[in-house]
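K.L.:
Just a sequence and a predicted model for now, questions to come.
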Amino acid sequence: SSFAVKPFLIDTDMGVDDVIALLYLLKRQDIDIKAITITANASVDCEPGLRNLQGLLKLMHKANVPVACGPSKPLAGNHHYPVSVVEESNTLAGTAALLPVTTAIASGNAVDLLVDTLQHSSQPVTVLALGPLTNLALALQKKPNIKKKIRQIYMMGGAISVPGNVMEVDKTIKNVAAEWNLHIDPLAADYVFKQGIPLVLVPLDATNRLPIDKAFYERIKRDHSTPEANYVFILLNKNMKILNANEWYFWDPLAAVIATDESIAHFKTYSLKVQLAPESYSGATRIQAQGGNLVRVVTKAEANKFKAILLYYLH
């Protein structure tokens with residue numbers, strides 16, 4: 001072919017927004033998804049997460065992409081989502097049953113799949129991290145030399161100059177600073193941040209401006225002739241209450257689009273540190289005068305360009 005195909009690895013916690021991100025990436029012919037791993041210590045249980053992922057791959061005629069689950073515990077601590085969030089992901093907000101039926105067969109475990117995929121890649125791979133960094137941290141600990149094979153990590157996570165989103169979902173957690181992906185496994189995030197791998201962070205600062213809104217729903221409603229647009233239509237249509245309340249954001253889809261097209265984003269490089277303690281700041285991303293890790297941070301995205309690209313590939 002006349003264009004260069006970019007190898008990608010996707011590590012996902014298989015939430016509702018992850019599914020939209022995956023549909024987008026699976027449609028792009030300039031991206032070769034080498035493997036998809038699930039962080040099963042976060043918003044989804046391994047079995048339903050695998051089933052949903054394989055159903056999604058079957059829908060998109062990509063059933064040969066290897067998939068696997070990671071461990072069901074973070075590296076340290078016991079941070080976890082409330083049951084309601086896990087239930088939403090397990091059922092994909094009531095739409096999982098509409099995906100093609102598959103038998104949930106994994107290609108081994110996530111850590112080995114990440115290590116093997118990177119070791120066998122002839123060129124550096126772009127990693128898209130859409131959940132906690134547990135699987136990536138374990139893979140890097142197991143085989144540090146795979147670092148050389150990672151071109152860049154794009155990650156949805158963190159909150160730089162805006163509050164975190166942990167308490168929005170779970171009022172019992174007294175932490176106003178952390179974003180969920182980093183809060184679930186702060187130690188894993190800290191480890192990955194320290195590896196010196198080029199890292200792009202897509203934080204709440206950027207995603208807060210992009211709720212999945214009625215206008216986007218209306219666009220999909222007008223035209224959902226492809227199986228993937230139809231699935232997104234049903235997903236949104238079944239969950240209008242959530243849409244009307246502005247509870248879902250384009251968290252992971254924004255990270256996915258930026259990983260394929262940086263022109264829609266504005267960046268600033270910060271020296272960042274993942275805070276481990278005290279509990280009230282566990283998982284917070286703090287700007288450091290010294291001793292932090294240089295991270296390219298998306299400060300904001302062009303909303304209209306982002307939605308145009310997303311819709312173009314969903315149709």
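P.N.:
Done, it's in. If you're wondering where the values come from, they're calculated on a predicted model, not measured in any experiment.
K.L.:
Just the helices from the stretch 201-315 of the chain, written as ranges.
P.N.:
204-207, 214-222, 227-237, 240-244, 251-260, 303-314 (DSSP state H, counting those that start in this stretch).
K.L.:
mind checking which of the ones you listed is nearest Lys147?
P.N.:
helix 251-260 (18.4 Å; Cβ to Cβ). Backbone N, C-alpha and C define where each C-beta goes, glycine included.
K.L.:
Which strands and helices lie in contact with that closest one?
P.N.:
On a contact count with 3 or more Cβ pairs under 8 Å, 6 or more residues apart in numbering; DSSP states H and E, helix 251-260 meets strand 6-12, helix 16-27, strand 125-129, strand 150-156, strand 199-202, helix 204-207, strand 293-301, helix 303-314.
K.L.:
List the pairing partners of the third one within its sheet, with orientation.
P.N.:
Right, strand 125-129. strand 6-12 (parallel), strand 150-156 (parallel) (DSSP bridges).
K.L.:
hmm, who's touching the helix or strand just after the last one?
P.N.:
Which is strand 150-156. As assigned by DSSP states H and E, the chain's next helix or strand after strand 150-156 is helix 166-169. With contact meaning Cβ atoms under 8 Å, 6 or more residues apart in numbering, helix 166-169 is reached by Tyr81, Pro82, Val85, Ile173, Lys174, Asn175, Val176, Ala178, Glu179, Trp180, His183, Gly283.
K.L.:
Grab the most central residue of the chain for me.
P.N.:
Leu130 (1.4 Å; Cα atoms, centre = their mean).
K.L.:
What score does Ser1 have for pLDDT?
P.N.:
The score at Ser1 is 44. That number is its pLDDT.
K.L.:
Then Ala4?
P.N.:
The predicted local confidence for Ala4 is 78.
K.L.:
So, low pLDDT: which residues of the stretch 101-250 of the chain?
P.N.:
Scanning the stretch 101-250 of the chain for pLDDT under 70 picks out 104.
K.L.:
Looks to me like Arg4 is in a helix.
P.N.:
Careful, residue 4 is Ala and not Arg. No - if the criterion is DSSP: H, G, I helix; E, B strand; the rest coil, then Ala4 is coil and not within a helix.
K.L.:
show me what contacts the closest residue to it other than its chain neighbours?
P.N.:
Once flanking residues are discounted, Ala4 sits nearest to Asp30: 7.3 Å by Cβ to Cβ, 6 or more residues apart in numbering. Applying Cβ under 8 Å, 6+ apart to Asp30 gives the contacts Phe3, Ala4, Val5, Lys6, Thr260.
K.L.:
follow-up on the earlier one: redo the helices and strands packed on helix 251-260 as a markdown table? Include distance to Leu56 and mean neighbour count.
P.N.:
Converted to a markdown table, those look like this (distance: least, Cβ to Cβ, whole Å; neighbours: other Cβ atoms under 10 Å):
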| stretch | distance to Leu56 | mean neighbour count |
| --- | --- | --- |
| strand 6-12 | 10 | 24 |
| helix 16-27 | 6 | 24 |
| strand 125-129 | 15 | 25 |
| strand 150-156 | 18 | 23 |
| strand 199-202 | 21 | 24 |
| helix 204-207 | 22 | 24 |
| strand 293-301 | 24 | 19 |
| helix 303-314 | 13 | 17 |
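K.L.:
These: which one's closest to Leu236?
P.N.:
Once the helices and strands packed on helix 251-260 are compared by Cβ to Cβ, helix 16-27 is nearest, at 9.4 Å.
K.L.:
show me the biggest helix of the chain in terms of residues.
P.N.:
helix 46-59 (DSSP state H).
K.L.:
Report the inter-axis angle for that one versus strand 6-12.
P.N.:
Counting by axes from the mean of the first three to the mean of the last three Cα atoms, to 10 degrees, helix 46-59 lies at 150 degrees to strand 6-12.
K.L.:
list the contacts for the residue nearest to Cys69 when sequence neighbours are not counted?
P.N.:
Nearest residue to Cys69 in three dimensions, chain neighbours excluded: Cys46, at 3.9 Å (Cβ to Cβ, 6+ apart). Counting by Cβ under 8 Å, 6+ apart, Cys46 makes contact with Ile38, Ala40, Cys69, Ser72.
K.L.:
Give me the buried subset of those residues.
P.N.:
Burial by neighbour count, judged by 16 or more other Cβ atoms under 10 Å, picks out Ile38, Ala40, Cys69 from these.
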